[in-house]
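In: Dropping the sequence and predicted coords here.
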Amino acid sequence: MMAAYRGAGGKAPELLVHDEEHGSELIAVMARFGRGLPANVIPIGLHAVTEIGHDTILSALLFGFQRINVLASPDKMAELGALNTQCDLARAVLQGLGYTGDRVAVIGEADPDAVEEALHEVRTFDEITGRAFAPEGGKRDVARLAFSALHEMAPAPVDVIELPQGAPYGRVDINADGCTLCLACVGACPAAALNADDDKPRLSFTEAACVQCGLCVATCPEKVITLEPRYNFAGGLLPETVKEEEPFECIRCSKPFGTKSTIETIVKKLEGKHSMFQGTAQVDLIKMCDNCRVFAMSEVQDDPMKLGERPKMRTTEDYIMEAEAEKAAAKDKGEA
Ligand code: SF4
Ligand code: SF4
């Protein structure tokens, strides 16, 4: 569409995305009784305009549209929450990069005159020079391609832009001092943005993978994680170490397990404060690996779980000897 429009000498194109049923009717009424669509507005009908995301909006701008108008039925205004969020995200990216004017609009009107007025309004924009690009991959990949290309041609190509709360891009700010490297957040992260190391206690974070779902925030027992929605044009593709520590060595067999800070925190919280950790022997159990802890517990004399002496196993021979002894005793008694 864009190639045909530009080829015919068209300038400052705008896209009109509309609900097929609602929009087609309105456009027909405008054409018949009013001024019709402006010459620079190219309409495209969709089954549901709520499907439009920031990836589509920014891709269309990158192709050379100067503004994206979304025409929605007023009957469906209650369903437009997600669409408005996507539009706000696209606006935040554009404004962060210095693009002027409101490039995204949602028109929820049933009156053809009102729609006509909104579309015919004279707007002046610094032109976004369009370029062809291959929108490959999923929505996030397409959005990233569009972000990068818009950044390259931006009036203010800053490295980092702040995004609204709920945006699916950003970093997590982890207070490393309070982190005990329990790695609960790694297990909770659905996007593999938080990772652990197999060799030593280490927590790393990859900003590009983070979708700002907040599961790590809800999972962290120390409450040291906060979300920071933003888009980082300057990096974030590689994992960065958030915290690393030496492992704690079992005081009995020296096998590394857990981390120093985790074990020390647990000891601090339980030593002398919990009825089961009053003595040194009990506290030492915390400082042992799982195997040594089992051995040590079986050796503790006052272990409440400890069983008494096992009864000696009786065999058939025992029963026979017992019966014979009884018989002999009875015989002796009779003789006496
Ligand atoms: S916000 Fe979600 S995606 Fe980002 S690090 Fe936390 S759990 Fe992972
Ligand atoms: S859940 Fe919290 S304390 Fe545990 S490793 Fe993650 S940031 Fe650190």
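Out: Done, it's in. Ligands and ions are numbered 1, 2, ... in the order given.
In: Near ligand 2, which residues of the chain? Just list them.
Out: 174, 179-185, 203, 219-220, 222, 224-225 (C-beta under 6 Å from any ligand atom). Every residue, glycine included, has its C-beta placed from N, CA and C.
In: List just the nearest of those residues to residue 15.
Out: In terms of C-beta to C-beta, no member of these lies closer to residue 15 than residue 225, at 39.2 Å.
In: For the residue lying closest to the closest one once chain neighbours are set aside, list the residues it contacts.
Out: Leaving aside its sequence neighbours, residue 225 sits nearest to residue 217 (C-beta to C-beta, 6 or more residues apart in numbering; 4.8 Å). Residue 217 is in contact with 172, 225-227, counting by C-beta atoms under 8 Å, 6 or more residues apart in numbering.
In: residues touching residue 210, list them.
Out: Neighbour list for residue 210: 169-172, 191, 193 [criterion: C-beta under 8 Å, 6+ apart].
In: Could you list which of the residues you listed belong to strands?
Out: Among the contacts of residue 210, DSSP state E puts 170-172 in strands.
In: Return only those of the residues you listed found close to ligand 1.
Out: Within the ones in strands among the contacts of residue 210, those near ligand 1 by C-beta under 6 Å from any ligand atom are residue 172.
In: Quick check on the contacts of residue 210: which are buried?
Out: 169-172, 191, 193 (16 or more other C-beta atoms under 10 Å).
In: Just put these in TSV and tack on pLDDT.
Out: Converted to TSV, these look like this (pLDDT from 0 to 100):
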residue	pLDDT
169	96
170	96
171	96
172	97
191	95
193	97
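In: closest to ligand 2 among those?
Out: residue 172 (8.4 Å; C-beta to the nearest ligand atom).
In: Which strand residues bridge that closest one?
Out: Beta bridges link residue 172 to residue 227 when assigned by DSSP bridges.
In: Go ahead and confirm residue 228 touches residue 174.
Out: No. With contact defined as C-beta atoms under 8 Å, residue 228 does not reach residue 174; the gap is 10.4 Å.
In: Looking at the two, which one has more neighbours?
Out: residue 174 (21 against 14; other C-beta atoms under 10 Å).
In: confidence score at that one?
Out: Looking at residue 174, its pLDDT is 96.
In: Am I right that it is in contact with residue 222?
Out: No. In this structure, residue 174 is not within contact of residue 222 by C-beta under 8 Å, at 9.6 Å.
In: In this structure, mark out all the strands, start to finish.
Out: 14-19, 41-46, 67-71, 104-107, 160-162, 170-174, 194-196, 202-205, 225-232, 240-244, 247-249, 256-259.
In: Residues of this structure that sit close to ligand 1?
Out: Residues of the chain lying near ligand 1 (C-beta under 6 Å from any ligand atom): 172, 188-189, 191, 193-194, 210-216.
In: Just these: which are in helices?
Out: Using DSSP state H, the subset of these located in helices is 188, 215-216.
In: tell me the mean pLDDT over the lengthiest helix in the chain?
Out: The single longest helix within the chain, with elements called by DSSP H, is helix 316-335. For helix 316-335, mean pLDDT rounds to 90.
In: Residue nearest the middle of this protein, spatially speaking?
Out: Central residue of the chain (C-alpha atoms, centre = their mean): residue 213, 3.5 Å from the mean position.
In: farthest pair in the residues of the chain next to ligand 2?
Out: Maximum distance among those (C-beta to C-beta): 13.9 Å, for 181 and 219.
In: who's more crowded, these two?
Out: residue 181 (23 against 16).
In: Surely residue 213 touches residue 190?
Out: Yes. Using C-beta under 8 Å, residue 213 is in contact with residue 190, at 6.4 Å.
In: circling back to that earlier point, quick one: the residue nearest to the centre of the chain from residue 92, how far?
Out: 19 Å (C-beta to C-beta, to the nearest Å).
In: How about residue 225?
Out: 23 Å.
In: same deal with residue 210?
Out: From residue 210 to residue 92 the distance is 17 Å (C-beta to C-beta).
In: Tell me where the model's unsure across this structure.
Out: By pLDDT under 70, the weakly predicted segments of the chain are 300-308, 335-336.
In: what ranges do the helices span in it?
Out: Per DSSP H, the chain carries helices over the ranges 2-7, 20-33, 54-63, 81-96, 112-120, 139-152, 184-188, 215-219, 260-270, 280-286, 290-299, 316-335.
In: Tabulate the ones you listed (TSV), appending distance to residue 164.
Out: Listed next are those as TSV, based on distance: least, C-beta to C-beta, whole Å:
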stretch	distance to residue 164
helix 2-7	29
helix 20-33	28
helix 54-63	11
helix 81-96	6
helix 112-120	24
helix 139-152	15
helix 184-188	24
helix 215-219	17
helix 260-270	35
helix 280-286	45
helix 290-299	46
helix 316-335	83
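In: right, so of the ones you listed, which gets closest to residue 132?
Out: Nearest of the helices of the chain (C-beta to C-beta): helix 54-63, 7.2 Å.
In: Residues touching the closest one, excluding its own?
Out: Here helix 54-63 has contacts from 2, 15, 68, 86-87, 89-90, 93-94, 103-104, 128, 130-133, 135, 139-140, 142-143, 145-147, 149-150, using C-beta under 8 Å, 6+ apart.
In: can you list the ones in helices among the residues of the chain next to ligand 1 in JSON lines and add distance to residue 268 and neighbour count?
Out: Output for these, formatted as JSON lines (distance: C-beta to C-beta, whole Å; neighbours: other C-beta atoms under 10 Å):
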{"residue": "188", "distance to residue 268": "25", "neighbour count": "16"}
{"residue": "215", "distance to residue 268": "28", "neighbour count": "17"}
{"residue": "216", "distance to residue 268": "24", "neighbour count": "24"}
